[in-house]
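S.K.: model the structure of this input:
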Amino acid sequence: MNIKTQASRWIVGIALSVSAGVAGADEVPFNQAAYAQAVAAGKPVVVYLHADWCPTCRAQQPIVDRLSKEPKLKDVTIFVADFDKETALEKSLKASQQSTFVVFKNGHEVTRSTGQTAEPAIRAVLEQAL
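M.R.: Here you go, the predicted structure:
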């Protein structure tokens with residue numbers, strides 16, 4: 001491979017990385033400090049209480065992955081919280097089930113949903129953060 005080809009591949013890789021980062025929502029592992037800061041700042045936030053063993057969560061995950069890439073949701077941060085480990089978060093949110101989305105806008109909870117597996121319903125929930 002010559003230097004021009006390498007340079008071209010590098011430039012294309014950078015362009016794809018940048019466009020992928022701008023294209024959709026941030027889907028990140030739950031972090032208490034980052035979550036608290038985002039909600040306090042009034043940013044659009046969704047907490048997704050997920051469990052690997054949960055069949056509903058397994059059905060939701062590819063939908064969330066797909067929707068999080070949509071440009072419309074680019075400003076939304078989706079915190080994926082492990083239902084089995086984040087017990088303090090569950091108590092603070094009064095969430096008793098996995099497969100739950102809790103949506104915040106302007107620092108306040110605006111909606112929540114549990115057990116949805118239809119893409120249009122999940123989309124509607126995530127868009128409530130906008």
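S.K.: in three-state terms, label the residue most central in space within the chain for me.
M.R.: For the chain, the residue nearest the mean C-alpha position is residue 78 (2.3 Å; C-alpha atoms, centre = their mean). For residue 78, the assignment made with DSSP: H, G, I helix; E, B strand; the rest coil gives strand.
S.K.: one more: the one 3 residues further on?
M.R.: Three-state assignment for residue 81 (three-state DSSP): strand.
S.K.: just give me the neighbour total for the closest residue to it other than its chain neighbours.
M.R.: Nearest non-adjacent residue to residue 81, counting by C-beta to C-beta, 6 or more residues apart in numbering: residue 30, 3.7 Å away. In this view, the C-beta of every residue, glycine as well, is placed from N, C-alpha and C. When counting by other C-beta atoms under 10 Å, one arrives at 18 neighbours for residue 30.
S.K.: can you tell me the element the residue nearest to residue 95 when sequence neighbours are not counted falls in?
M.R.: Distance criterion C-beta to C-beta, 6+ apart; nearest residue to residue 95, sequence neighbours excluded, is residue 49 at 5.6 Å. Assigned by DSSP states H and E, residue 49 belongs to strand 45-50.
S.K.: what average pLDDT does that strand get?
M.R.: Strand 45-50 carries an average pLDDT of 98.
S.K.: what does stretch 101-109 give?
M.R.: Averaging pLDDT along stretch 101-109 yields 97.
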